[in-house]
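[1] using only what follows, build the 3D model:
(chains A and B)
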Amino acid sequence: MPAITQYQVRDIDVRLFEAGSGTPVLFLHGAAGVPPWGAFFESLAAHHQVLLPEHPGFGNDKHASKIRNIADLAMYYLDFLDTLPGPVHLIGHSLGGWTGAEIAVRNCSRLKSLTLIAPAGLRVKGTLTGDNFIWSPEEVQRNLYYDQHFADAALARTLTEEEADIVLANRFMAARLAWEPRWFNPGLERWLHRISVPALLIWGEDDKLIPAVYAEKWARSVSGMRVETYAECGHIPFVEKADAVTKLVLQFLEGGPK
Amino acid sequence: MKFAFFHLMPYRHLDFAERAKHRSAWVVLPNSLYDPAKGAEEYASYIDQLVWAEELGFDIIAVNEHHQTAYGMMPAPNLIAASLIQRTSWVKIAILGRALPLTANPLTIAEEFAMLDNLSKGRIITGFVRGIGTEYHATGLSPAFSHERYQEAHDLIVSAWTKPGPFAFEGEHYNFRYVNLWPRPYQTPHPPIWIPSQGSSETIKWAADPARKYPFLVTFSAADLVARYLNMYRDQARAFGYEASGDQLGWAAPIYVAETDERAKAEAKAGVESLFNDYLNNPWEMLLPPGYMSLTSMKNTINMRKALGTRAHRMTIDELMESGTVVVGSPQTVREKIERMRDRTGLSIVIAMLQFGVLNNELTMRNMEMFATEVMPKLR
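    Numbering: from 1, shown residues only, chains lettered A, B, ... in the order given. Sure thing, here's the model as predicted:
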């Protein structure tokens, strides 16, 4: 299990989940907040130092006013990266994937590689993303997974009051960052050529939040990006296809066979 | 005491079986369910009712703004206000209200109200609202910036009405090199600003501030909540060092009057129950999108409104009468309930929704007449 500390960068302190040692991996979480420390993270931490910060404004609204949009979040992480001793492998999921791309188009010098898992950030006209802000809590869980056992398990859990507060805060911050324009930055696509580190894209073919057709646009826009998609898989491949995704990511981080 | 006749202008020909297939009568309800021929007749009836209210002696006639919904057919309430000006002569016309954050240029709101104020020679009362949560789904605007935009738009509009132009306005969301309204408002310093609300503590504090003293109207709430919020306003005013007058305190509720309690309930039942169950009811995700209120207010609201929120059963008129969310009964019953609320809060503004849900024209007009002749005079 990870150690949890408060990590301070300038005037913002956040919860940092940290485990393992080796070449550092920075994982940027999605709009639902810090994910449970599951098999994917355990396996990563067996080979790497894994850093999983909670984005400012997530968990509670202490720093929400300092981050008005995704550009602010990217700038915050550029500051964050400057506090680390060396470059990192960056992995970002969904909102965190979008953030990762926004960081990389600004400055790749602190990155060893970029792995995007079902990232937000681009728009494919004619294929709307799912409206997670209008979905009921049950619809959200159902639509996040292809295998409904995962949704059943999530729905069977009763949240503690503290967890419910975190969910509320996370939804607030997601609305700040991604309500309008919904889950994308119209300017991002133009600058994706600036991503100059090895890049990997992972997508579930049955993603109902950000449909897999978005992967094609990323693949066209980021030169040399490796793309892996998974059948019978929803928006969270590192949970729903944990074994395969873990193997792929570890191999990619080692610079293994393409 | 002052009385307003308030109209929501619902689309009454709604196919309720189709309505039941959708999560809401707002935003997602297909507009193929709207028949323009029937809708046009609805507008004609509703405007006649509002105009007739002047003849009946109401002090104010009132309309409001909602988007993409069968609940109310007034996405542009100022258009209704403009037509009411032409058909009335002395009654005040209240637009309760315009949703300030929803527009990219709040100066258009300042301009339209200023025009209406001139057209009516000072008969306009304005309402400043944020719009309910569904409005943020309908417009795409982020609810996370709703409060900021509201405050800033308010400051911009009031400045535009009161400061000599041209001047520059420098904000976060709105920036103008030239603010210079033509026409200026007819009333001095500007038309009254009322604040309809469902009672967030931030809004109460802001409205009660001595720099504003904006009349505060509680809408669609159980009687205990109405009393609680109006008294919060009074307490807040005292904390600011003054005593709130009754003219700063208003209550907006569906009201139905008939000869007897039994008859009133029987006649109001379909209208009341359709209003709360079919037209107004929204899932949390639509009613309270993230950021619409502060985290603290959101938690308080969720806790307090659990009874009124998403629910498995249809609310009955008995429950709604019991909680005092609606006022239904004989003239004496209705008078007593209003008197009781006046005694509890000191309010002197009653915003009567005398048409609600599917209530038909005949019953609406009987209700209006009886309210005007049997209830209003004795409370003045």
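
[2] just the strands from chain A, written as ranges.
    A:3-9, A:12-19, A:24-28, A:49-53, A:88-93, A:111-117, A:199-204, A:226-230 (DSSP state E).

[3] which residues of chain A lie near chain B?
    Neighbours of chain B within chain A, by Cβ under 8 Å from any Cβ of the partner chain: A:60-61, A:133-136, A:165, A:168-169, A:171-172, A:174-176, A:179-180, A:182. No exception for glycine: its C-beta is placed from N, CA and C like everyone else's.

[4] confidence score at B:Ser201?
    For B:Ser201, the model assigns a pLDDT of 82.

[5] longest helix anywhere in chain A?
    Across chain A, the longest stretch assigned as helix under DSSP state H is helix A:161-178.

[6] and that helix, which residues are buried?
    A:165-178 (16 or more other Cβ atoms under 10 Å in any protein chain shown).

[7] reformat those as JSON lines; add distance to A:Pro2 and pLDDT.
    Formatted as JSON lines, the buried residues of helix A:161-178 follow (distance: Cβ to Cβ, whole Å; pLDDT from 0 to 100):
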{"residue": "A:Asp165", "distance to A:Pro2": "21", "pLDDT": "93"}
{"residue": "A:Ile166", "distance to A:Pro2": "17", "pLDDT": "95"}
{"residue": "A:Val167", "distance to A:Pro2": "20", "pLDDT": "94"}
{"residue": "A:Leu168", "distance to A:Pro2": "24", "pLDDT": "93"}
{"residue": "A:Ala169", "distance to A:Pro2": "20", "pLDDT": "96"}
{"residue": "A:Asn170", "distance to A:Pro2": "19", "pLDDT": "97"}
{"residue": "A:Arg171", "distance to A:Pro2": "24", "pLDDT": "96"}
{"residue": "A:Phe172", "distance to A:Pro2": "25", "pLDDT": "96"}
{"residue": "A:Met173", "distance to A:Pro2": "21", "pLDDT": "97"}
{"residue": "A:Ala174", "distance to A:Pro2": "23", "pLDDT": "98"}
{"residue": "A:Ala175", "distance to A:Pro2": "28", "pLDDT": "97"}
{"residue": "A:Arg176", "distance to A:Pro2": "26", "pLDDT": "97"}
{"residue": "A:Leu177", "distance to A:Pro2": "24", "pLDDT": "98"}
{"residue": "A:Ala178", "distance to A:Pro2": "26", "pLDDT": "98"}
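
[8] neighbours around A:Arg190, how many?
    If you count neighbours by other Cβ atoms under 10 Å in any protein chain shown, A:Arg190 ends up with 11.

[9] quick one: the residue nearest the centre of chain B from A:Tyr214, how far?
    In chain B, the centroid-proximal residue (Cα atoms, centre = their mean) is B:Leu96; its distance is 4.7 Å. Using Cβ to Cβ, to the nearest Å, B:Leu96 is found at 43 Å from A:Tyr214.

[10] ok, B:Glu54 next?
    Taking Cβ to Cβ as the measure, B:Glu54 falls 57 Å from A:Tyr214.

[11] more crowded one of these two?
    A:Tyr214 (23 against 20).

[12] quick one, what contacts B:Trp52?
    Listed by Cβ atoms under 8 Å, 6 or more residues apart in numbering or on different chains, the contact partners of B:Trp52 are B:Met365, B:Met368.

[13] cutoff 7 Å now
    For B:Trp52, the contact set (Cβ atoms under 7 Å, 6 or more residues apart in numbering or on different chains) comprises B:Met368.

[14] for the stretch 101-250 of chain B, what lies in contact range of chain A?
    By Cβ under 7 Å from any Cβ of the partner chain, the residues of the stretch 101-250 of chain B that approach chain A are B:His137, B:Gly140, B:Leu141, B:Ser142, B:Pro143, B:Ala144.

[15] kindly reformat these as CSV containing neighbour count.
    CSV is the format used below for those (neighbours: other Cβ atoms under 10 Å in any protein chain shown):
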residue, neighbour count
B:His137, 24
B:Gly140, 11
B:Leu141, 20
B:Ser142, 24
B:Pro143, 26
B:Ala144, 25
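
[16] and whichever residue of the stretch 151-300 of chain B sits closest to chain A, what are its phi and psi?
    The minimum distance from the stretch 151-300 of chain B to chain A, using Cβ to the nearest Cβ, falls at B:Pro290 (3.8 Å). In terms of degrees, to the nearest 10, the main-chain angles of B:Pro290 are phi -60, psi 130.

[17] again with the one 3 residues further on
    Dihedral angles phi and psi of B:Met293 (degrees, to the nearest 10) take the values phi -130, psi 160.

[18] and the pLDDT at it?
    89.

[19] what do you get for B:Ser142?
    B:Ser142 carries a pLDDT score of 97 in this model.

[20] which intervals of chain B have sub-threshold pLDDT?
    Applying pLDDT under 70 to chain B flags the ranges B:305-312.

[21] buried ones in stretch A:243-254?
    Result for stretch A:243-254 [16+ other Cβ under 10 Å]: buried residues A:Val245, A:Thr246, A:Leu248, A:Val249, A:Leu250, A:Phe252, A:Leu253.

[22] ok, so of the residues you listed, who is nearest chain B?
    The closest of these to chain B turns out to be A:Val245 (Cβ to the nearest Cβ; 29.0 Å).

[23] so what's the closest one up against?
    So A:Val245 contacts A:Phe40, A:Ile202, A:Pro237, A:Phe238 (Cβ under 7 Å, 6+ apart).

[24] which residue, other than its chain neighbours, is closest to the last one?
    Translated: A:Phe238. A:Phe40 (4.3 Å; Cβ to Cβ, 6 or more residues apart in numbering or on different chains).

[25] that neighbour touches A:Lys241, doesn't it?
    No. Checked against Cβ atoms under 7 Å, the pair A:Phe40 and A:Lys241 is beyond contact range at 9.6 Å.
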